[in-house]
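K.L.:
How does the following fold in three dimensions:
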Amino acid sequence: MADTSLRARRVVTPHGIVGPAAVEIRDGRIAVVRPAHGSVPDVTLVPGFVDLQVNGVGAVNVASATTDQQWDEIGRAQLSTGTTTWLPTVTTRAIDEYMPILERIQAAADRAAEPWSPLVADIAGVHLEGPFLGERPGAHPTHLIQPVDQRFVASLPPIVKLVTLGAEAEGAVEATRVLVDRGVRVAIGHTAAKDDRLDAVRQAGASLVTHLFNAMTGVSHREPGVAAWALTTDGVAASVIIDLHHVSMRAVQMALRCKPHQAIIAVTDSVAHLKSGLRDGGGGKPAPPARRHDRRKHGHHGRLLSQPAVGGRRPVTATMATSTNPAALMGLADRGAIVAGRRGDLVALDPNHSVVGVWIEGKPA
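P.N.:
As a prediction, the model looks like this:
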């Protein structure tokens, strides 16, 4: 693999911003970050984004994608917004529909890993969001939400790396133990559970709350909801759709002030839209209007997060939310930060924070 040297005015590392600097990549891994002299591009280098929740992009839904062309399209779409690693997310549907979908995603992940395949974002596993949800279904079809099917949970293939379930769902605690024992991360989401149920699932091994503030009870002074529990419970990370549409600026600020910065994860929760403006909502039903447009899910210009919310004044915090924290949560120790030994998955941002360059293992995408 050819060596690569990337020069930038600013390089965001876990210890702060350095620059002008050059990031040297050898055999696909970062070898060193060193000072750069002379003329350097006015860009900021950050680690490739890691998105844990992607339902679809454009006209391609991950649950219905069947062709190499469709998978290449969505994989290239990830790269265009700086995402170099992602988790295809499959939402609530009939139990017997999951296995064929998971087999297709496994095939797409295997193909993407082949050296001869087109360069696309790396599929690090599947996120199952449902069907074992709670009392805040959001856009998920309520008639398909059900108690935990323990036999189904035990039969999940290795491609499944993250499961979101409702803490009040019957069988949630047992399922969490089984999944965590298998190395699967468990998230709590789409829920109105009380503290005792939330604590029980947390103690069973749940480590994440899915899209904080959305599809859950909020923050109340008399009956603190799921969001209040998430903000005040140690050892639980929180994913947030930081587009300033799903979550307001003040709510983002509250999350950043309540949670350690290592515990905030930015997600797009992007969805596909068909020509009619609708997508498959599970069971062949269209999604409600709130989930129709992936432009809002993806943020302005397809960014993983809205620049005023976290970036700019806090580039290290933003990088942790978009790259370092999701990689760490998923056990992807080989990426997520610009340090020696990590994969050369990098993104160049111009002064307006638009993506102007992407590299996977040092190869330009």
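
K.L.:
In this structure A251 contacts G218, no?
P.N.:
No - with contacts defined as C-beta atoms under 8 Å, A251 does not count as touching G218, sitting 9.0 Å away. Every residue, glycine included, has its C-beta placed from N, CA and C.

K.L.:
any idea which residue of this structure is furthest from its center?
P.N.:
G38 (37.3 Å; C-alpha atoms, centre = their mean).

K.L.:
Do you know the pLDDT at that one?
P.N.:
With respect to pLDDT, G38 scores 92.

K.L.:
And for G277?
P.N.:
For G277, pLDDT reads 35.

K.L.:
Now do the buried residues in stretch 203-212.
P.N.:
204-212 (16 or more other C-beta atoms under 10 Å).

K.L.:
Quick check: mean pLDDT of that stretch?
P.N.:
Mean predicted lDDT for stretch 203-212 stands at 98.

K.L.:
Neighbour count for A251 and G218, which is higher?
P.N.:
For A251 versus G218, the count of surrounding residues by other C-beta atoms under 10 Å is larger for A251: 20 against 13.

K.L.:
Look at that one and give its secondary structure.
P.N.:
helix (DSSP: H, G, I helix; E, B strand; the rest coil).

K.L.:
Identify the residues contacting it.
P.N.:
Neighbour list for A251: F213 [criterion: C-beta atoms under 8 Å, 6 or more residues apart in numbering].

K.L.:
and if you look at the one 3 residues further on?
P.N.:
With contacts defined as C-beta under 8 Å, 6+ apart, M254 is in contact with 219, 231.

K.L.:
what's A154 sitting at in phi/psi?
P.N.:
phi -70, psi -20 (degrees, to the nearest 10).

K.L.:
correct me, but L208 touches G235?
P.N.:
No - L208 lies out of contact with G235 (C-beta under 8 Å); the separation is 10.4 Å.

K.L.:
Are we agreed that A348 is in a strand?
P.N.:
Yes - A348 forms part of a strand when assessed by three-state DSSP.

K.L.:
from what I can see it touches A365, true?
P.N.:
No - applying C-beta under 8 Å, one finds A348 not in contact with A365, separated by 11.1 Å.

K.L.:
what secondary structure does the residue nearest to P315 when sequence neighbours are not counted sit in?
P.N.:
Excluding its sequence neighbours, the residue lying closest to P315 (C-beta to C-beta, 6 or more residues apart in numbering) is V12, at 5.2 Å. Per three-state DSSP, the local secondary structure of V12 is strand.

K.L.:
Am I right that A321 is in a helix?
P.N.:
Yes - counting by three-state DSSP, one finds A321 located in a helix.

K.L.:
Not counting its neighbours along the chain, what's nearest it?
P.N.:
Computed as C-beta to C-beta, 6+ apart, the closest residue to A321 that is not its neighbour in sequence is A266, at 4.3 Å.

K.L.:
low-confidence ranges in the stretch 51-200 of the chain?
P.N.:
Counting by pLDDT under 70, the stretch 51-200 of the chain contains no low-confidence segment.

K.L.:
how about the strands of it, start to end?
P.N.:
56-57, 60-61, 83-91, 122-123, 126-129, 160-165, 185-188 (DSSP state E, counting those that start in this stretch).

K.L.:
List the contacts of the fourth one.
P.N.:
For strand 122-123, contacts defined as C-beta under 8 Å, 6+ apart pick out 75, 84-88, 105, 108-109, 112-113, 345, 360.

K.L.:
Greatest separation within those residues: which pair is it?
P.N.:
I105 and D345 (20.5 Å; C-beta to C-beta).

K.L.:
Which one's more surrounded, these two?
P.N.:
Shown here are I105 and D345; by other C-beta under 10 Å, D345 has more neighbours (32 against 23).

K.L.:
Spit out the contact partners of the more buried one.
P.N.:
Counting by C-beta under 8 Å, 6+ apart, D345 touches 47-48, 84-85, 122, 335, 359-361.

K.L.:
Among those, which one lies nearest to T142?
P.N.:
T85 (32.2 Å).

K.L.:
I figured that closest one hits G48, correct?
P.N.:
Yes - with contact defined as C-beta under 8 Å, T85 reaches G48; the gap is 6.5 Å.

K.L.:
and for those two, which residues touch both?
P.N.:
Residues touching both T85 and G48 (C-beta under 8 Å, 6+ apart) are 335, 345.

K.L.:
more crowded one of the two?
P.N.:
More crowded of T85 and G48, by other C-beta under 10 Å: G48, with 29 against 26.

K.L.:
Ignoring the adjacent residues along the chain, who's closest to that one?
P.N.:
Excluding its sequence neighbours, the residue lying closest to G48 (C-beta to C-beta, 6+ apart) is T84, at 3.0 Å.

K.L.:
Same check on A204?
P.N.:
T176 (3.9 Å).

K.L.:
tell me the contacts of the one you found?
P.N.:
Residues in contact with T176 (C-beta under 8 Å, 6+ apart) are 165, 186, 201, 204-206.

K.L.:
let's see it at 10 Å
P.N.:
148, 153, 163, 165, 167, 184, 186-188, 200-207 (C-beta atoms under 10 Å, 6 or more residues apart in numbering).
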